[in-house]
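> sequence and predicted structure, then a few things I'm wondering about:
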Number of protein chains: 4
Amino acid sequence: MTIRCAVVGATGIAGQQFLSALQGHPFFEVVRLAASARSAGKSYRQALTQPSGQVAWWDTPDALDRFGDMEVVEATQMSLEGVDLVFSAVESEPAWELESRFAERVPVISTASAFRYEPDVPIIIPAVNGEHARLIQVQRERRGWSGFVVPIPNCTTTGLAVALAPLHTHFGVKKVILTSMQATSGAGRSPGVIAQDIVDNVVPFIRNEEQKVEKETKKILGVVGDDSIVPADILVSATCTRVAVLDGHTEAVTVALDKPASLDEVKAALRSFGKDMNPRTHPSAPKDWIWVHEDPFRPQPRLDRDTQGGMTTSVGRLREDDVLGENGIKFVLVSHNTKAGAAKGAILVAEDLKSRGVIS
Amino acid sequence: MTIRCAVVGATGIAGQQFLSALQGHPFFEVVRLAASARSAGKSYRQALTQPSGQVAWWDTPDALDRFGDMEVVEATQMSLEGVDLVFSAVESEPAWELESRFAERVPVISTASAFRYEPDVPIIIPAVNGEHARLIQVQRERRGWSGFVVPIPNCTTTGLAVALAPLHTHFGVKKVILTSMQATSGAGRSPGVIAQDIVDNVVPFIRNEEQKVEKETKKILGVVGDDSIVPADILVSATCTRVAVLDGHTEAVTVALDKPASLDEVKAALRSFGKDMNPRTHPSAPKDWIWVHEDPFRPQPRLDRDTQGGMTTSVGRLREDDVLGENGIKFVLVSHNTKAGAAKGAILVAEDLKSRGVIS
Amino acid sequence: MTIRCAVVGATGIAGQQFLSALQGHPFFEVVRLAASARSAGKSYRQALTQPSGQVAWWDTPDALDRFGDMEVVEATQMSLEGVDLVFSAVESEPAWELESRFAERVPVISTASAFRYEPDVPIIIPAVNGEHARLIQVQRERRGWSGFVVPIPNCTTTGLAVALAPLHTHFGVKKVILTSMQATSGAGRSPGVIAQDIVDNVVPFIRNEEQKVEKETKKILGVVGDDSIVPADILVSATCTRVAVLDGHTEAVTVALDKPASLDEVKAALRSFGKDMNPRTHPSAPKDWIWVHEDPFRPQPRLDRDTQGGMTTSVGRLREDDVLGENGIKFVLVSHNTKAGAAKGAILVAEDLKSRGVIS
Amino acid sequence: MTIRCAVVGATGIAGQQFLSALQGHPFFEVVRLAASARSAGKSYRQALTQPSGQVAWWDTPDALDRFGDMEVVEATQMSLEGVDLVFSAVESEPAWELESRFAERVPVISTASAFRYEPDVPIIIPAVNGEHARLIQVQRERRGWSGFVVPIPNCTTTGLAVALAPLHTHFGVKKVILTSMQATSGAGRSPGVIAQDIVDNVVPFIRNEEQKVEKETKKILGVVGDDSIVPADILVSATCTRVAVLDGHTEAVTVALDKPASLDEVKAALRSFGKDMNPRTHPSAPKDWIWVHEDPFRPQPRLDRDTQGGMTTSVGRLREDDVLGENGIKFVLVSHNTKAGAAKGAILVAEDLKSRGVIS
């Protein structure tokens, strides 16, 4: 029983990753591609063609070969006829209206931020807070929707929340200070980050990014109540920067824990996280949600971003810290921003909701 | 007696270079900034602000401080009231109409290609073919214009034509094969070259570039007749590629000469080229139009692009070649694409035309 | 019947690629690792550790996990006891003496240039000139060796020779002018190319590289006689540059052919090249030795270097040329310099010699 | 009265910066160049030549032209005859012995870490703690030296200490957490950071760097007593990473202050810092020790590293922080690691000691 999907925002970088990941997926079949008015009526390949004439496709050619001739429809006009599920990778501004319309009829799994801060909307990373899916029923009833919207986190939140989850469970997380060094693919492709801004450079600011990381982390690690989520009582402070890396966000994280924990206990907690997912029901889940490196020179985005299909959060440089708080630790993590942090992360949510019977 | 200038296309990379170079110029004063409708009515600084919020300005802050608050007008609506001269850095498509309108009243020096291939329009590099300015009178009469249009060459042609000029004068150039490795600034800034396309990469194609280089080189090295230019009888074959360099085009050039020439004679010809310009009348001209390196590892774009204010063509790796033709040589050159090859190159043309009494 | 191999020069970039490619190979098993005195006595992992403390390994972790604890012996002291075949990736200077000693007893397949220009030594790319293996018998007799040395070409020659081979067969190649834009991995890792030299830059010179390309191309495309190779009567002129690309050499090539050939005929010749290799006997051979792109923006090193395990030469931008000679064409190619152009290229030679009964 | 200097470690990146900065300096004249045994007896230009043949010089050609033919002597054998002052840029391991020997006779200003943690050795940044020079007399007496050693801080400490100094003076600094994104030039040139390690990548570890930053910051901001320095009572926690930037370290810093301070008060303190230096006595000092940016996208290393000759610390993104402590602020800074953080920083120390009569 194939679930028929539309990919909305198909021409962006996350959209491309959706098509690459959905091609040959055991549960989901792509039946419709949608994007902005600029792309509507064009073939997918034409819609990806930049003003220079160059096709903006950086993945293996298979998915482009498979979907290149498919027509792109305008997202605002897209029919849901024959569509069971929408994967949305649209920009945040149009997302609210678009996703509302889709959600009236079908489930929407989204990489956009539009709905993330609504009280009846969970932000889900399956191994971290799959049980927040409980809120979907509340959302449907309150909004009178047949479908629903479940966003995944911002790509910088994803790796952070995964790494913090086992720490929060085992030792309690009280404070977090992080600096991210984010990949250029995180800015998308139109306009994206131009070479003139990033070669031989660091850009120390990404608009709205820090607030997203701070808010989302607390919500994801929070406790789901009857009709909303009680955010975790964690203080989070982020500085988000852009570096000359194509894919893979690197984050330097300092954490104050509630209870004392030796570095060995911390490692054990990280390594044992998320081991109970069944590859049959969750084919996009990594075997290891967290990989802990002992080599202090790791993780590195170019070497570690693609670990286990880009779904593993790589952690290294685990050290004690006595500055932030009493039981302090610090570490560096790498997470693939357009795979775990976008398309494949959203597909995994769909797999998880299917396994819970929420999507069918 | 200051000449009052408008800079049209002021928000692009070449436009920025115009403002940097004209700030404090002894002859020219910027009195108007124009760009596309998107920028019209905004301050120059606002007009440079990218969707991310980042100001697209990569030069020293002085010129941005100087012009940041000046209002940008729409190019199609720009009044020529109080304007003696137009520097045009608009894209080629709108250039034809815009520059025609301006040229009815005032001189236009342009980096755009729109008029380059017209029979009554010279493409000028002062040290190479300043005497082609003779055609301006023909152009004015034929078109009934008070002003005129003089374009400079494509940025890839500039370094090539400068290096070939003394060879052509002394030994005759018969055939040229070149491969360019072009900087990202050559693609402008909106959209420009995005990091996703160029980091850890080479892009082997730049639309229309090769034809421009082939055509313009022959015209610039040609002989000006009574009412047009007889192109030089040279065969030119170009492959134009893009590399991960911010500024400065590198070109690997093989040349077949008409007469035999030892490498020492070639060097002497290159080194003695363009020495007769007066810095009083031509303040933007370099002392050395061509710098010949003996170190085989030079020229390199990062080290040599800014030689003498970015106006010197750096040549190195001079060797004999026996493949292209009888009297073959080969070399590598570096030329600053947004200085010598764009804004400062155009300003130097204006200086030269002023020294000839064509602009006043 | 496994063939027991030593990898000499195991700690360099080509050495690493040997181990990655030989791990799990159906015919070959690595039984010894050798390198310079500096590495001798260390574990392979220790030997890879740079002064900064960072392990110089950029491939997937598998091969490092597999060989990391194996001891590295000094190449000059290495025993051939239990070794059936030597893969040599040593630098050219020590290669002559080392490979001579090994070849007295066992076959040596080498990426070094030391023996390439000896009259009784073929430089082999199996699909191009596998039949040059005939010369091995001459070499053995003349030198009184039980083994032999077969070098593969310089990494810049490899892609060129592959692309020229079908052209030479079908239409005759008379002249070649090329500009290479070579990856940093081609310079090895110690010292390799430092960031200070290549970020935001092009380096226009690689010592000895151009002569190698010119000489080797003629020898590889030559005809094997009774006791030496008659080089092909082709004029080759190369300019070799380094660009900020990690892996994959890009080459802009202009060719004058003996007979007229339409672009369609050229494409057909390229596409049909090397189709007769059996994956059972040649597991490292690509299905397509040459992939011809129609998209003018391809090939690009980052997107195309890994095509078919890095063994396919990608060709694009095929155009007519009327400058070099009568039947001129030009194109751009990308070839993986440390796979097809080094380790995997050498392993494929070993596979081919095994299939011919020369190695067993 | 010129002070005659030797530059030891002249062939490294800091050494090159010394020569560039000392060329034409009003007080100091370079009379001797020293380096390791490998360089001894060679001309400076030969000594800079890498195995590839390329000269490792990335600055403007003037200083190389000036010093290229000067002979390099072996540091361990260098005579102090006719030398009034030693600038040392040697690596830390040999620094202890070398600098001890030199200091017996003449003052040594060093970029090496060997002496930084000795109780009788101040680490000086003139505007921050010039008065620590008082300890020099103690050092001389205790060690029986005619000269002395004054090291400057690690290049990552420099920008941090400059930015913290006015905060500490005005509001008291209690805790600091920082993440650095360091330039490749910081690793020197032999071996330096190779392209294979840093293009499209971040390396999350630099050996010993974090401890240096933590220790030095406290010492520099400490109080000089009769015979040693009482370190400031500040907790410092650093994560040091390497990014693909050629020059200029970027640091994301979070600070907990002792007293409350509005962002405007913080800015005022930063902006007014170090204004009392006389350019006649301190020609290398910047007019503004700290430049505060209001544009949230600044500072960026490529745009801001060269501010005021690379001697200004650029600060931006100033925000309140409520995670680290009660009166928290956070910001991003950029500091030129081989200018302010190495050669020019050391020269400025010499100028300052001269103005205090300690050097003559």
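Thanks, I have the structure now.
> can you tell me the element the residue lying closest to A:Ile206 once chain neighbours are set aside falls in?
Once flanking residues are discounted, A:Ile206 sits nearest to A:Cys240: 4.6 Å by CB to CB, 6 or more residues apart in numbering or on different chains. (C-beta placed from N, C-alpha, C; glycine too.) Using DSSP states H and E, A:Cys240 sits in strand A:235-243.
> over to A:Ser180?
Counting by DSSP H and E, A:Ser180 is part of strand A:173-182.
> which strands or helices does that strand pack on?
Applying 3 or more CB pairs under 8 Å, 6 or more residues apart in numbering or on different chains; DSSP states H and E, we find strand A:173-182 packed against helix A:155-171, helix A:209-220, strand A:235-243, strand A:249-257, strand D:173-182, strand D:235-243.
> that one vs strand A:235-243, what angle?
Angle of strand A:173-182 versus strand A:235-243, following axes from the mean of the first three to the mean of the last three CA atoms, to 10 degrees, is 10 degrees.
> got the CA positions of strand A:173-182 in CSV?
Provided in CSV are the C-alpha atoms of strand A:173-182 (Å, rounded to 0.1, in the frame of the first residue of the first chain):
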residue,chain,number,x,y,z
VAL,A,173,20.0,19.6,31.1
LYS,A,174,19.9,23.1,32.8
LYS,A,175,21.8,25.4,30.6
VAL,A,176,23.2,25.3,27.0
ILE,A,177,25.5,27.7,25.2
LEU,A,178,26.4,27.0,21.6
THR,A,179,28.1,28.4,18.6
SER,A,180,27.2,27.0,15.3
MET,A,181,29.3,26.9,12.1
GLN,A,182,26.7,26.3,9.5
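> for the strand holding A:Cys240, the distance to its chain's centre please.
Averaging C-alpha positions (CA atoms, centre = their mean, to the nearest Å) puts strand A:235-243 17 Å from its chain's average.
> what's the answer for stretch A:142-161, then?
That offset, for stretch A:142-161, works out to 9 Å (CA atoms, centre = their mean).
> any idea how far apart the tips of it sit?
Length of stretch A:142-161, first residue to last, CA to CA, to the nearest Å: 28 Å.
> so which strand or helix has the residue in the stretch 251-360 of chain A positioned nearest to chain C?
Residue nearest to chain C within the stretch 251-360 of chain A: A:Phe297 (4.4 Å; CB to the nearest CB). Under the criterion DSSP H and E, no helix or strand holds A:Phe297.
> sorry, back to before: contact partners for the residue nearest to A:Ile206?
Shown in contact with A:Cys240 (CB atoms under 8 Å, 6 or more residues apart in numbering or on different chains): A:156, A:179-180, A:182, A:205-206, A:209-210, A:213.
> go again with 7 Å.
Residues in contact with A:Cys240 (CB atoms under 7 Å, 6 or more residues apart in numbering or on different chains) are A:156, A:180, A:182, A:206, A:209-210, A:213.
> of these, just say which sits nearest to B:Arg317.
Distance to B:Arg317 across those (CB to CB) is lowest for A:Gln182, with 39.5 Å.
> how about the closest one: what's its closest non-neighbour residue?
The shortest distance from A:Gln182 to any non-neighbouring residue, by CB to CB, 6+ apart, is to A:His249 (4.8 Å).
> hmm, A:Gly248 is touching A:Lys339, no?
No - taking CB atoms under 7 Å as the definition, A:Gly248 is not a contact partner of A:Lys339, at 9.1 Å.
> more neighbours, the two?
Between A:Gly248 and A:Lys339, counted using other CB atoms under 10 Å in any protein chain shown, the more crowded position is A:Gly248 (33 against 28).
> now the strand holding A:Cys240: average pLDDT?
Strand A:235-243 comes out with an average pLDDT of 98.
> alpha carbons of it, as PDB, please.
The C-alpha coordinates for strand A:235-243 follow below in PDB (Å, rounded to 0.1, in the frame of the first residue of the first chain):
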ATOM      1  CA  LEU A 235      18.300  28.100  29.300                       C
ATOM      2  CA  VAL A 236      19.700  28.100  25.800                       C
ATOM      3  CA  SER A 237      22.000  30.700  24.200                       C
ATOM      4  CA  ALA A 238      23.100  30.500  20.600                       C
ATOM      5  CA  THR A 239      25.400  32.200  18.300                       C
ATOM      6  CA  CYS A 240      24.900  31.100  14.700                       C
ATOM      7  CA  THR A 241      27.500  31.700  12.000                       C
ATOM      8  CA  ARG A 242      28.000  30.600   8.400                       C
ATOM      9  CA  VAL A 243      31.300  29.100   7.200                       C
END
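> with adjacent residues omitted, what lies nearest to A:Asp352?
Looking at A:Asp352 with CB to CB, 6+ apart, the closest residue is A:Pro126, at 3.9 Å.
> need the phi and psi values for the one you found.
A:Pro126 adopts backbone torsions of phi -50, psi -50, taken as degrees, to the nearest 10.
> phi, psi for A:Asn327 please.
Main-chain torsions, A:Asn327, degrees, to the nearest 10: phi -110, psi 80.
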